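> Provide a 3D model corresponding to the input given below.
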Amino acid sequence: MKKGFTLVELSIVLIIIGLILGMVLKGRQLIESAKVQNLLGQYYKIHAAVNIFYTRYGFYPGDGCTVPNPVNVSACNGTKNGVIDNTNEYLAFWHLLINVTHILSLADRRSIFGTQWHLFYETNRGRTGTWLYFLAANSPPYPPAHVPVQYICQLDQLIDDGEATTGDIVDKTGDPYSPGDDCWSLSGTTNVRIYLMP
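Got it, this is the predicted structure:
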């Protein structure tokens, strides 16, 4: 006579499978949340580095630099207008913070997506200033990196207004999200701008 599984045994197996799946999903959720916190930490570190530099030297890193790799801070002796708004200043910004003053390390410039943080001076959604964004490559023509929209939505909800088209974090690609949306249900990528200064 062949013996099969009883309903109790099958129920126990299903409960165990359910628990394992629940732990896997919760673990994935924790990993995704940790990535968002890491991204937030990177942004705060760059923001703090700008403030430290400004406090020490009285101008923003890169402002007034006429070459992309000044040998020291005093070599930035051009006109200082309080913004980083040309290629020499963009490149000097990172060079001063990483190679000259060592306020940041080279690793601080690499984002959690494996792409480079970059700067650009422009007007986004009516706000003009220097913005951070992600580059797919740190060389001309400086193509923007498209990053998963879920992370940007979550970051926007954590430190800004949660709206894709307003505030300090703006979605340049047009993937819509709003405050209260479930960021993790979104799909696709975005080209994002994060306001840095002044």
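> can you tell me which residue is nearest the centre of this structure?
The central residue of the chain, meaning the one whose C-alpha is nearest the mean C-alpha position (Cα atoms, centre = their mean), is Leu39 at 5.1 Å.
> Would you mind confirming that that residue makes contact with Tyr151?
Yes: here Leu39 lies in contact with Tyr151, judged by Cβ atoms under 8 Å, at a distance of 6.2 Å. For the C-beta atoms, the positions are set from N, CA and C on the backbone; glycine is no exception.
> Okay, and Leu39 sits in which element?
Here Leu39 sits within helix 7-57, counting by DSSP states H and E.
> What is that helix packed up against?
Identification of packing neighbours for helix 7-57 by 3 or more Cβ pairs under 8 Å, 6 or more residues apart in numbering; DSSP states H and E yields helix 106-109, helix 149-159, strand 192-197.
> So for the closest residue to Asn69 other than its chain neighbours, what's the pLDDT?
Taking Cβ to Cβ, 6 or more residues apart in numbering as the measure, Asn69 lies nearest to His95, with 4.8 Å between them; neighbours along the chain are not counted. Looking at His95, its pLDDT reads 95.
> and His95, helix, strand or coil?
For His95, the assignment made with DSSP: H, G, I helix; E, B strand; the rest coil gives helix.
> Any regions of this structure where pLDDT drops low?
1-5, 22, 24-29, 137-142, 174-175 (pLDDT under 70).
> how near is Arg110 to His47?
In this structure, Arg110 lies at 17 Å from His47, with Cβ to Cβ, to the nearest Å as the measure.
> Please report the distance of the closest residue to Ile103 other than its chain neighbours from Gly167.
The spatially closest residue to Ile103, leaving aside those adjacent along the chain, is Ala49, at 4.6 Å (Cβ to Cβ, 6+ apart). In this structure, Ala49 lies at 22 Å from Gly167, with Cβ to Cβ as the measure.
> And His102, by the same measure?
His102 sits at a distance of 32 Å from Gly167 (criterion: Cβ to Cβ).
> So between the two, which is more surrounded?
With other Cβ atoms under 10 Å as the criterion, His102 and Gly167 differ in neighbour count, and Gly167 comes out ahead with 17 against 9.
> who touches the more buried one in this structure?
For Gly167, the contacting residues are Arg125, Asp156, Asp160, Asp161, Tyr195, taking Cβ atoms under 8 Å, 6 or more residues apart in numbering as the criterion.
> 6 Å instead?
Residues counted as contacts of Gly167 (Cβ atoms under 6 Å, 6 or more residues apart in numbering) are Asp160, Asp161.
> Relative to Pro61, how far out is it?
The value you get for Gly167 to Pro61, if Cβ to Cβ is used, is 24 Å.
> CA-only coordinates of stretch 97-111 in CSV, if you can.
Presented in CSV, the C-alpha positions along stretch 97-111 are these (Å, rounded to 0.1, in the frame of the first residue of the first chain):
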residue,chain,number,x,y,z
LEU,A,97,37.6,68.5,-2.8
ILE,A,98,39.3,65.1,-3.6
ASN,A,99,42.9,65.8,-4.7
VAL,A,100,43.8,69.1,-3.1
THR,A,101,42.0,69.4,0.3
HIS,A,102,41.1,65.7,0.7
ILE,A,103,37.7,66.6,2.2
LEU,A,104,36.3,63.9,0.0
SER,A,105,37.8,60.7,-1.4
LEU,A,106,37.5,59.4,-4.9
ALA,A,107,35.1,56.7,-3.6
ASP,A,108,32.8,59.5,-2.4
ARG,A,109,32.2,60.6,-6.0
ARG,A,110,31.1,57.1,-7.1
SER,A,111,27.4,56.6,-6.5
